[in-house]
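>>> how would this look folded up:
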Amino acid sequence: MSMLLYSYSGNGVPDSTAPGPGTHSLEELFQCMWGYPHGTYCNALIRGYNLATHLREVHGIHGPDKLRLECKWNGCDRELNKESLVRHVEECHIGIVFDCKCGKTFSRKDTLGRHKKTCSEEEY
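You can find the predicted model right below:
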């Protein structure tokens, strides 16, 4: 198994040498770019499928789903509901995609799920 590490210089916008957002899977290894008040980043290496656990256990993202908070991934500062944070980071910052057997890709797991209900490839 090859070990690939992805980090971005901007808010999900890759530098010219890194693969771009929208090309990665949950199994890949990423550098956490959650920012701290003193200008540094977490820098922990995490798998995409461990993102929610990492944000909860390391960065203290707890509370009701409708709790408003700011995304601190690489200086993003976008305000959103807690329930949307993981999806936001996956889609906007690390570029996770979800593939269907028919060849279509989706930036959100729930969108793939809706697609699968009508996709003829998923019947087999």
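
>>> Now stretch 52-72 - C-alpha only, PDB.
Provided in PDB are the C-alpha atoms of stretch 52-72 (Å, rounded to 0.1, in the frame of the first residue of the first chain):
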ATOM      1  CA  ALA A  52     -14.800  13.300  12.200                       C
ATOM      2  CA  THR A  53     -13.200  11.500  15.100                       C
ATOM      3  CA  HIS A  54     -10.000  13.600  14.900                       C
ATOM      4  CA  LEU A  55     -12.000  16.900  14.900                       C
ATOM      5  CA  ARG A  56     -14.000  15.700  17.900                       C
ATOM      6  CA  GLU A  57     -11.200  14.200  20.000                       C
ATOM      7  CA  VAL A  58      -8.300  16.500  19.200                       C
ATOM      8  CA  HIS A  59     -10.000  19.800  18.400                       C
ATOM      9  CA  GLY A  60     -13.000  19.500  20.800                       C
ATOM     10  CA  ILE A  61     -15.700  19.800  18.200                       C
ATOM     11  CA  HIS A  62     -18.700  18.800  20.400                       C
ATOM     12  CA  GLY A  63     -22.200  19.900  21.000                       C
ATOM     13  CA  PRO A  64     -25.600  19.900  19.300                       C
ATOM     14  CA  ASP A  65     -25.800  19.600  15.500                       C
ATOM     15  CA  LYS A  66     -27.100  23.100  15.000                       C
ATOM     16  CA  LEU A  67     -24.300  24.700  17.100                       C
ATOM     17  CA  ARG A  68     -22.700  27.500  15.000                       C
ATOM     18  CA  LEU A  69     -19.000  27.400  14.700                       C
ATOM     19  CA  GLU A  70     -16.200  28.500  12.500                       C
ATOM     20  CA  CYS A  71     -14.100  26.300  10.200                       C
ATOM     21  CA  LYS A  72     -10.500  26.700  11.200                       C
END
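
>>> ok, the residue nearest the centre of the chain to K109 distance?
The centroid of the chain falls nearest to E90 when counting by CA atoms, centre = their mean (1.6 Å). E90 sits 8 Å away from K109, going by CB to CB, to the nearest Å. C-beta coordinates here come from the backbone N, C-alpha and C atoms, glycine included.

>>> where exactly do the helices run in the chain?
51-59, 82-88, 109-116 (DSSP state H).

>>> so where's this structure uncertain?
1-22, 122-124 (pLDDT under 70).
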